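**Student:** Structure for the following, please:
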Amino acid sequence: MLQQLRSKSLVIWAIVFVFFVVGFLLADTSGLLGLGSAPITPGTTVAEVNGTDIQWLAWQNRSNQLAQQQEVQSGRSLTLDERQQIEDQAFEQMVGEILLQQEYEKRGIRVSDQEVVQAAQQTPPPDLMQSPELQTEGQFDIEKYRRLLRSPAARQQGLLLQLEAYYRSEIPKAKLFDQLAGDVFVSDTKLWRSYKDQYDSAAVSYVAFPSSDVPDSAVQVPDAELRRFYDQNKTSMERPGRAVLTILTIPRTVSAADSAAVVERAVALRNEIVGGARFEDVARRESVDSLSAVQGGDLGKNTADRYIKTFSDAARALRVGEISEPVRTEFGVHIIRKDSQQGDTLGLHHILLRYHQSDSNAVRTDRRADSLSRIAAAAESPTRIDSAAKVLNLTPERVTAFEGEPLTSSAGRVIPSVSAWAFTGSRVGEISDLYDSEDVYVIARLDSLYEGGIPSFEDAKQDIRQVLIGRKKAESLVPKAATLASAAATSSLEQAAAAQGLEVGKTELFTRPQFVAGLGRFNAAVGAAFTLPVGSIGQPIVTDQGAFVLRVDRRIEADSAVWAAQKDTQRTQAIQSIQQLRVRTFLSELRKSAKVDDRRKELNAAARAQAATS
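**Tutor:** Take a look at the predicted model:
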């Protein structure tokens, strides 16, 4: 079988060579190559991982592959933010692969030819198991799969070579993971404790002494305490890079007339379907929901709470087989067909029309955007963005972008591409190109740029002060809470609270993982509800919100018989969860300890500088 796997290797390598040349030419024509004294070439080192190089072309090819997949899935071009995220994803994938390969070498993990053949015969890749051609009555058919492996098509189409590459990657990974987590076992004691954590419930009465009642000026935090906190916690204070920008936006404002036109179009499509057209054909032709449109608008079967309320309410109200009138949601206008309903599970098809500007309205917006671009886009003078604001009567907005995150305006609108532009070699004072999305045009000026990382003590000092002030305020309330607890112990919580003019809060039954109104979540107050004796008054409890005095009114223990009936399933899930956590922790530590010399920012800056002078 391995001879078959390799029989087409010359053809495959010829294809790889063609991709190499095409990738090189694309990079060359894009201006990424030939940067004066330090050109970026296909062999330029993007990063070193414990001494192993990641080359420019390999990284770009991986990024392009992932980007193309994303564009096919979304049915649109990617923003710079999305492209940046994909490049980061590709980079981390390659770093991870190198670290794993180095770990295999260190541990002596190998893969034999026989292991590859056996795995190919017995454990098909997940994507092939989902292939309709390999199904019989909706179930994967192993015999069809094995016939495919023996067929000439598998050799001619390169499937066998792809499978060999897949198993030579996955088998050593499985061996490593088995070494890391193959010995995991969970005892009955731990299973029962975990089950109780999920299903024990309690209800309490409480008196709260909120930290907000104490003014900040009432507590003091010495600098020595601030410094001690910083030294003990600074590694957890790492911050992303930050850019301060001035932006001008021209929204693609949709008028009431524009919205009405979209509804009118939806009515026409519904009439077409009611008149005999197939819903699926109209969905493929008209729906802007690219994921469902290729399936004829099929949304599958989901519980109603998977959809936004307006949509699910309209779907619930339909009879099976009925087609809705146009339904407006924040995403646009829908036409819904209800295919089935079992309980709260709905089988639906839909057509989505997005709100958009009329042609005349869009032309006016586009002309303003063209003017903005002519005046300021990529201008050398930082003041050109101010000139554009005056000429076009636009209001400049000062915003802060964080590295690795799309920019959000003060109004909550996501602004495309600007954040990625700011952190990929832009210079302070530089003005961006004009970027656009479905709902806005934007141009930006980079006013200041701050590197990410662990902040200095001076930069972190004020944030630390606020954390410690909050803690001290809560702790300062303990004497008052202790006085109440003592009084309640000799009377009742209600009588003691009334005597001091305080209110007693009461909770419904809750479990440990729940957020509890009035108490919070995953804090000492919630935990005390499951440790204090029922009916007793506890000592004051301090949380981030303040101090509390609690009385447990009711507690219901988890049902041991129900637990025993599901114990085996719980054990399997627990073992899998612990194994996954152990592997993730190992990979995380492997990444942290690796020596990675990442040169992407320098290369991007060099490319931008060369483009600016060319």
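**Student:** right, and the helix or strand after the helix or strand containing Q114?
**Tutor:** Element membership for Q114, per DSSP states H and E: helix 113-122. Counting by DSSP H and E, the next helix or strand C-terminal to helix 113-122 is helix 126-129.
**Student:** Tell me how far the residue nearest to W192 when sequence neighbours are not counted lies from F510.
**Tutor:** With sequence-adjacent residues excluded and distances taken as C-beta to C-beta, 6 or more residues apart in numbering, W192 is closest to W563, at 6.2 Å. In short, each C-beta sits where N, CA and C put it, glycine included. W563 sits 19 Å away from F510, going by C-beta to C-beta, to the nearest Å.
**Student:** Check D463 too.
**Tutor:** Separation of D463 from F510 (C-beta to C-beta): 32 Å.
**Student:** Tell me how far V442 lies from L434.
**Tutor:** V442 is 7 Å from L434, by C-beta to C-beta.
**Student:** just checking, Q341 is part of a helix?
**Tutor:** No - per DSSP: H, G, I helix; E, B strand; the rest coil, Q341 lies outside any helix segment and is strand.
**Student:** How many residues are close by the nearest residue to it once chain neighbours are set aside?
**Tutor:** Excluding the flanking residues, the one nearest Q341 by C-beta to C-beta, 6+ apart is V320, at 6.2 Å. Neighbourhood size, V320 [other C-beta atoms under 10 Å]: 11.
**Student:** Verify the stated contact: V320 with L346.
**Tutor:** No - counting by C-beta atoms under 8 Å, V320 does not reach L346; the two are 9.7 Å apart.
**Student:** Which strands or helices does the helix or strand hosting Y195 pack on?
**Tutor:** Element membership for Y195 (DSSP H and E) is helix 188-199. With contacts defined as 3 or more C-beta pairs under 8 Å, 6 or more residues apart in numbering; DSSP states H and E, helix 188-199 has these neighbours: helix 560-593.
**Student:** quick one: average confidence on the helix it packs on?
**Tutor:** Mean pLDDT, helix 560-593: 94.
**Student:** All further residue positions should be reported with the first residue as 55.
**Tutor:** All set: I'll call the first residue 55, so the last point we hit is now helix 614-647.
**Student:** Give me the angle between it and helix 242-253.
**Tutor:** 100 degrees (axes from the mean of the first three to the mean of the last three C-alpha atoms, to 10 degrees).
**Student:** And helix 614-647, how far out from the chain middle?
**Tutor:** Centroid separation for helix 614-647 versus its chain: 22 Å, with C-alpha atoms, centre = their mean, to the nearest Å.
**Student:** packing partners for it?
**Tutor:** helix 134-161, helix 213-235, helix 242-253.
**Student:** gap between the longest one and the chain center?
**Tutor:** For helix 134-161, the separation from the chain centroid amounts to 17 Å (computed by C-alpha atoms, centre = their mean).
**Student:** So what's the residue count around the closest residue to S131 other than its chain neighbours?
**Tutor:** Distances taken as C-beta to C-beta, 6+ apart place E125 nearest to S131, at 6.3 Å, with adjacent residues excluded. Using other C-beta under 10 Å, E125 has 15 neighbouring residues.
**Student:** can you dump the C-alpha coordinates of the strand or helix carrying E125 into CSV?
**Tutor:** Secondary structure assignment for E125, by DSSP H and E: helix 110-128. Taking Å, rounded to 0.1, in the frame of the first residue of the first chain, the C-alpha atoms of helix 110-128 are listed here in CSV:
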residue,chain,number,x,y,z
TRP,A,110,8.3,33.6,4.6
LEU,A,111,6.8,31.6,1.7
ALA,A,112,5.7,28.7,3.9
TRP,A,113,4.0,31.1,6.3
GLN,A,114,2.3,33.0,3.5
ASN,A,115,1.1,29.8,1.7
ARG,A,116,-0.4,28.6,5.0
SER,A,117,-2.0,32.0,5.6
ASN,A,118,-3.4,32.1,2.1
GLN,A,119,-4.8,28.6,2.4
LEU,A,120,-6.7,29.4,5.6
ALA,A,121,-7.8,32.8,4.2
GLN,A,122,-9.3,31.1,1.1
GLN,A,123,-11.2,28.6,3.2
GLN,A,124,-12.6,31.4,5.4
GLU,A,125,-13.6,33.5,2.3
VAL,A,126,-15.4,30.4,0.8
GLN,A,127,-17.3,29.8,4.1
SER,A,128,-18.3,33.5,4.6
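**Student:** tell me what that helix is packed against?
**Tutor:** Applying 3+ C-beta pairs under 8 Å, 6+ apart, we find helix 110-128 packed against helix 63-83, strand 99-103, helix 134-161, helix 344-347.
**Student:** I'd like to know which of the helices and strands packed on helix 614-647 lies nearest to A455.
**Tutor:** helix 134-161 (9.7 Å; C-beta to C-beta).
**Student:** pLDDT (mean, whole number) over that closest one?
**Tutor:** According to the model, helix 134-161 has a mean pLDDT of 95.
**Student:** Can you give me the buried ones in that helix?
**Tutor:** Under the neighbour-count criterion of 16 or more other C-beta atoms under 10 Å, helix 134-161 has 134-141, 144-145, 148-149, 152-154, 156-158 buried.
**Student:** before we move on, back to that, which one of D517 and F564 has more residues nearby?
**Tutor:** Between D517 and F564, counted using other C-beta under 10 Å, the more crowded position is F564 (20 against 13).
**Student:** how far away is the more buried one from A579?
**Tutor:** Separation of F564 from A579 (C-beta to C-beta): 11 Å.
**Student:** ditto for D367
**Tutor:** Taking C-beta to C-beta, one finds D367 at 37 Å from A579.
**Student:** In terms of neighbours, single out the busier of the two.
**Tutor:** A579 (24 against 12).
**Student:** and stretch 422-436, how far apart are its ends?
**Tutor:** Start and end residues of stretch 422-436 are separated by 20 Å (C-alpha to C-alpha, to the nearest Å).
**Student:** Give me the mean pLDDT for it.
**Tutor:** Averaged across stretch 422-436, the pLDDT comes to 93.
**Student:** and if you look at stretch 517-524?
**Tutor:** If you average the pLDDT over stretch 517-524, you get 94.
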